[in-house]
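S.K.: kindly generate the corresponding structure for this input.
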Amino acid sequence: MGKTYERIDDRLRKFIEDQPVFFVGSAPLADDGHVNVSPKGRAGTLVVLDERTVAYLDFGGSHAETIAHLRENGRITLMWCAFEGPPKIVRVHGTGEPIFRDDPRFVDLVARFGAADAAGLRAVVVVRAKLIRDTCGFAVPFMDYREERTLHEEYMARKTDEEFVEYLGNKPHNVASIDGLPAVPLPLPLRG
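M.R.: Below you'll find the model as predicted:
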């Protein structure tokens, strides 16, 4: 039933871009480390850069597990599920890299997201596919999308960039993961 793809073709791209939520999975190398799965959702915060590369905006919060895992080993899986229409799940297994504010690539990458760029952005995560697969989503329930949650965006918009950088520094799991791996390098440079 599942199929492996050499590239993200137009049909897969449309499926990926049409989903209002996706999931990110990562893990440390240590056998006793914690596997992390994060839901991502804000509209427009994921783009397909080319046939084997996707990127998403990484906004600040209370943890930075994915960033820590990527800095340690680069392994990442992205997953999209069809909650309406034909049953389908698409996964991109690959290597990821967080591009932080002081990286020369940051400005050009952020420009690819247009209006989705917002307060609280700490990095752009770029994922290069090693394996692209789909599988049936026969057990995934139908769910109706109602609207975006705006709480995170509104909360971050109330902070100046200086206050946002201070906020990150005050959350212990932004500096290091729950397993003690280095996460967001602080102090995060201010955006110009």
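
S.K.: got the phi and psi for Tyr167?
M.R.: The phi and psi values for Tyr167, taken as degrees, to the nearest 10, are phi -60, psi -50.

S.K.: can I assume it is in contact with Gly61?
M.R.: No - assessed by C-beta atoms under 8 Å, Tyr167 is found out of contact with Gly61, at 9.5 Å. Quick note: C-beta positions are derived from backbone N, CA and C, even for glycine.

S.K.: is Gly137 in a helix, a strand, or coil?
M.R.: coil (DSSP: H, G, I helix; E, B strand; the rest coil).

S.K.: and it, how far is that from Asp9?
M.R.: 19 Å (C-beta to C-beta, to the nearest Å).

S.K.: when these two are compared, which one has more neighbours?
M.R.: Between Gly137 and Asp9, counted using other C-beta atoms under 10 Å, Gly137 has the larger neighbour count: 17 against 11.

S.K.: ok, and the closest non-adjacent residue to the more buried one?
M.R.: Take Gly137 and drop its neighbours on the chain: the residue closest to it by C-beta to C-beta, 6 or more residues apart in numbering is Pro87, 3.7 Å away.

S.K.: residues of stretch 179-191 that come out buried?
M.R.: Along stretch 179-191, these residues count as buried under the neighbour rule (16 or more other C-beta atoms under 10 Å): Asp179, Leu181, Ala183, Val184, Pro185, Leu188.

S.K.: what's the closest of those residues to Thr160?
M.R.: Leu188 (13.1 Å; C-beta to C-beta).

S.K.: so the closest one is in which element?
M.R.: Using DSSP states H and E, Leu188 maps to neither a helix nor a strand.

S.K.: state the distance from the spatially most central residue of the chain to Pro87.
M.R.: What sits nearest the mean C-alpha location of the chain, by C-alpha atoms, centre = their mean, is Tyr56, with 4.8 Å. As defined by C-beta to C-beta, Tyr56 lies at a distance of 24 Å from Pro87.

S.K.: got the CA coordinates for stretch 85-95 in PDB?
M.R.: C-alpha atoms of stretch 85-95 as PDB (Å, rounded to 0.1, in the frame of the first residue of the first chain):
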ATOM      1  CA  GLY A  85     -10.500  13.400   1.900                       C
ATOM      2  CA  PRO A  86      -8.800  10.100   0.900                       C
ATOM      3  CA  PRO A  87      -6.900   8.400   3.800                       C
ATOM      4  CA  LYS A  88      -3.200   9.200   3.500                       C
ATOM      5  CA  ILE A  89      -0.100   9.700   5.600                       C
ATOM      6  CA  VAL A  90       3.200  11.200   4.200                       C
ATOM      7  CA  ARG A  91       6.500  11.000   6.000                       C
ATOM      8  CA  VAL A  92       9.800  12.700   5.100                       C
ATOM      9  CA  HIS A  93      12.700  11.100   6.900                       C
ATOM     10  CA  GLY A  94      15.900  13.100   6.700                       C
ATOM     11  CA  THR A  95      18.400  15.300   8.200                       C
END
